[in-house]
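Q: Build the 3D model from these lines:
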Amino acid sequence: MSRLVALAAAMLTTLAAGGVALAQTPAMAPAMVPASTETGPRVAEIAVIGERGNLLTIPGSGATIETADLERSRPFTVNDALRQVPGVFARDEEGFGLRPNIGIRGLNPTRSTKLLLLEDGLPLAFAPYGDNASYFHPSLGRYARVEVLKGASQVRFGPQTIGGVINYITPEAPESFGGSLRLAGGSQGYREVDGLVGGPALGGRGLLHVQNRRTDSSRDNQDLQYTDIFAKATWDLAADQVLTARVSRHEEDSQVTYSGLTLAEFNANPYGNVFANDSFQTERWGAAVSHAWFLDGATTLRTSVYGSIFNRDWWRQSSNSGQRPNDASDPACGGLANLNTTCGNEGRLRDYWTAGVETRLSHDTAAFGADIRLEAGLRYHTEDQQRRQWNGDTPRARTPGTGRNAGVVEDNERLVDAYSAFASARIESGPWIVEPGVRLELIEYERLNRLNGARGTTDLDVVVPGLGTMYRLGDRSVIYAGVHKGFAPPRVEDIISNTTGGSVDLDAEESVNWELGLRGDIAPGLYLDAGLFRMSFDNQIIPQSVAGGVGATLTSAGETLHQGFELLARGSAREAGWLQNGDDLYARLSLTHVADAKFEGRRFSTVAGSTTVSVTGNRLPYAPEWLWAAAIGYEYRGWLQGEIEAQYTDAMFTDDLNTVAVTANGQRGRIDDVLLWNATVNADLPGTLLTLFVTGRNLTDELYIVDRSRGILPGARRSVQAGISFAF
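A: Okay, here's the model as predicted:
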């Protein structure tokens, strides 16, 4: 407790110092800080990487997806965009990117639990400490660019430091009035309206983005729709101070089931779904205020206050393919024949409140012939989860059934208070850059079961060190290496018992992560980033029943090993000087080889009936050995551009037994490899502000499977979208 008090006191002292300085600065000083379309040094938000060129100064693996990349390929979902980054496995679920499943370097992608999602450097997930599962994702159209960092530098962020950090960057509000409007439509009833406007506003600069998208989806009885609203304002308080405020609202109202298909159902209709009464509704409000103070040209203090409210109501008649359509708590059902009459449902109702305050101080100096950047930060973060399960008496019930014990199955409150601090130094001397860093996480957990009165508390603390280094081979190429500790805190529900309130023997997830790589401009117009990686886990956390679905109880899997190779390549004939007059022949390749993703040490299966079977040496579930996405395109005279992409996902196992044959419930069995073809055409009509575009996904209409954890989930069918955008 004394450490928590000391950390909180240090945070308050730092914030107070920043507040005094702000109060002493004239509020109406002339605006001297220019707006920027990139995350540069004069913005209030926190950059993970910053401009793409900064990768030549970061001693670790990373990549950026720029605005131009997004405009060329027009990704339909965030998954499409992230496949451009090696090491990243972005698995589809409902085909709309609303619930992303992102894994890095062989880590299980389910609900993106093994990585840290940020927006402008601040937590995006609704409970990154207590329940780091993603049940929503903002529209990719909200963002100007994406940063992905996987190396030792990620200890500057947290709490998740195992897989990597994905930071979504919102566009800067423009100084002059302008905007855009996009209309699109396509297969499976797809419709989209996207509008953005910005310019001088409220004494500063403002931006408003609104997007509505809807689709009938690939599966039967599954209609998806959401509206995403984002507003941002920036004020230049003085020549050395910038203030930015952001507000967002994301609302989804979809008809979507949680359950996958049994083998028999898949063989009868791979895109079938009998649960027409299921409903998924979410609403998320987010807000943040960030202040940057550029003290003397060498020192910067950035302070942010953030918060979000996330409500999720998922009413469903089945939670997995083994529950057809409900369990023993629904005796009036009697089977699928009564699905739309006497069968009840389950309401999985969640409310999350998250808030925090964070401050970061950086200082550039020189000593002993070396240039040094020092950075330190403090954060207080709090989470409050309200989790309920109401079993309804009818297919479309929205209230508990008769009797409290029968209708109210869960009523939990789960609380987290987290205090964190980090310090890092980047030391540059000659061709060398060395970056040591350390992070401290102190986490307090509390859980209350309102049904039986059980209450429990526990806490944990961890020190997360890291060390990265880089050697310049020339002006445009470097060798980098690093090692850091990977850490992921356990969920509240996995560390405190629901029945007694006592602590559960589930350790935090920890690993040692190594990497070695080479990146830079190998030749004019040719960029490469090739690296080796190794993640050695002392304790990896996996579902107790590997095929038990997302909500399954987690358990310590013990020692595991991930290691392999990743490659990013980009080429441009125009940058090489071979083409001019607006023409360009370009290509890109993102390749990942996870040579090993296996259980080590003495390990037995968690599959029921096989708990005495050793799985030591078996491959981890949902860890394909090969992933690659390659694209080639041509730009003609700067106004017409076309691109075709091939996307490959290798076969993968879905349980620790590495079962090949598919079980009757569809939850176990190998998922076969798949090669998909996508294409995009863009035309900026000469002499106008109009752009026409056409995109196609899965052009050969491959039937493939993306997941078995809750039964068989098929990948998206062939789809084509076309639209027009107008810039002003």
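
Q: Centre-most residue in this structure?
A: The centre of the chain sits closest to L117, judged by Cα atoms, centre = their mean, with a distance of 4.3 Å.

Q: If you count neighbours, what's buried in the helix or strand hosting M470?
A: Under the assignment given by DSSP states H and E, the secondary-structure element containing M470 is strand 455-472. Residues of strand 455-472 classed as buried by neighbour count (16 or more other Cβ atoms under 10 Å): 456, 458, 462, 464, 466-472. The way it works is simple: take the backbone N, C-alpha and C, and place the C-beta from them, glycine included.

Q: what helices or strands is that strand leaning on?
A: The contact analysis (3 or more Cβ pairs under 8 Å, 6 or more residues apart in numbering; DSSP states H and E) places strand 455-472 against strand 432-449, strand 477-488.

Q: Let me have these in a markdown table, extended by mean neighbour count and distance to L567.
A: As requested, the helices and strands packed on strand 455-472 are exported to a markdown table (neighbours: other Cβ atoms under 10 Å; distance: least, Cβ to Cβ, whole Å):
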| stretch | mean neighbour count | distance to L567 |
| --- | --- | --- |
| strand 432-449 | 20 | 23 |
| strand 477-488 | 22 | 14 |
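
Q: want to throw those strands into CSV with distance to T382?
A: Formatted as CSV, the entries for the helices and strands packed on strand 455-472 read as follows, by distance: least, Cβ to Cβ, whole Å:
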stretch, distance to T382
strand 432-449, 10
strand 477-488, 19
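
Q: for those, which one sits closest to T354?
A: Comparing those against T354 with Cβ to Cβ, the closest turns out to be strand 432-449 (14.1 Å).

Q: for the stretch 201-350 of the chain, what spans make up the helices?
A: Taking DSSP state H, counting those that start in this stretch as the criterion, the stretch 201-350 of the chain contains helices spanning 263-268.

Q: Below-threshold pLDDT in the stretch 201-350 of the chain: ranges please.
A: Under the criterion pLDDT under 70, the flagged ranges of the stretch 201-350 of the chain are 326-329.

Q: With the stretch 351-500 of the chain instead?
A: Low-confidence segments of the stretch 351-500 of the chain, defined by pLDDT under 70, span residues 403-405.

Q: Next, count neighbours for A661.
A: By the criterion of other Cβ atoms under 10 Å, A661 has 8 neighbours.

Q: How about V148?
A: Using other Cβ under 10 Å, V148 is surrounded by 24 other residues.

Q: Contacts only, for it.
A: Taking Cβ atoms under 8 Å, 6 or more residues apart in numbering as the contact definition, V148 lies against 62-65, 82, 85, 88, 164-167.

Q: tell me the mean pLDDT over the host helix or strand of it?
A: V148 belongs to strand 145-149 when assigned by DSSP H and E. Averaged across strand 145-149, the pLDDT comes to 97.

Q: so how far is it off the chain centroid?
A: For strand 145-149, the distance from its own C-alpha centre to the chain's C-alpha centre is 10 Å (Cα atoms, centre = their mean, to the nearest Å).

Q: in it, what counts as buried?
A: 145-149.

Q: ok, of the contacts of V148, which come out buried?
A: Listed as buried from the contacts of V148 are 62-65, 82, 85, 88, 164-167; burial here means 16+ other Cβ under 10 Å.

Q: Sort out for me which of these are in helices.
A: Mapping the buried ones among the contacts of V148 onto helices (DSSP state H) picks out L82.

Q: and which of the buried ones among the contacts of V148 is nearest V720?
A: Closest to V720 out of the buried ones among the contacts of V148 is L82 (21.9 Å), distances taken as Cβ to Cβ.

Q: and the closest residue to that closest one other than its chain neighbours, what does it touch?
A: Of all residues beyond its chain neighbours, the one nearest L82 is A90 (4.3 Å), with distances taken as Cβ to Cβ, 6 or more residues apart in numbering. By Cβ under 8 Å, 6+ apart, the contact list for A90 reads 78-80, 82-83, 100-102, 109.

Q: Next secondary structure after the helix or strand hosting A90?
A: Assigned by DSSP H and E, A90 falls within strand 88-91. Downstream of strand 88-91, the first helix or strand assigned by DSSP H and E is strand 101-104.

Q: And for the helix or strand just after that next one, what's in contact with it?
A: Tracing the chain past strand 101-104, the next element assigned as helix or strand by DSSP H and E is strand 116-119. Residues outside strand 116-119 that contact it (Cβ under 8 Å, 6+ apart) are 46, 48, 123-125, 128, 134, 138, 154, 157-161, 164-168, 170, 286.

Q: Out of these, which sit inside strands?
A: Within the contacts of strand 116-119, membership in strands is found for 123, 165-168, 286, as judged by DSSP state E.
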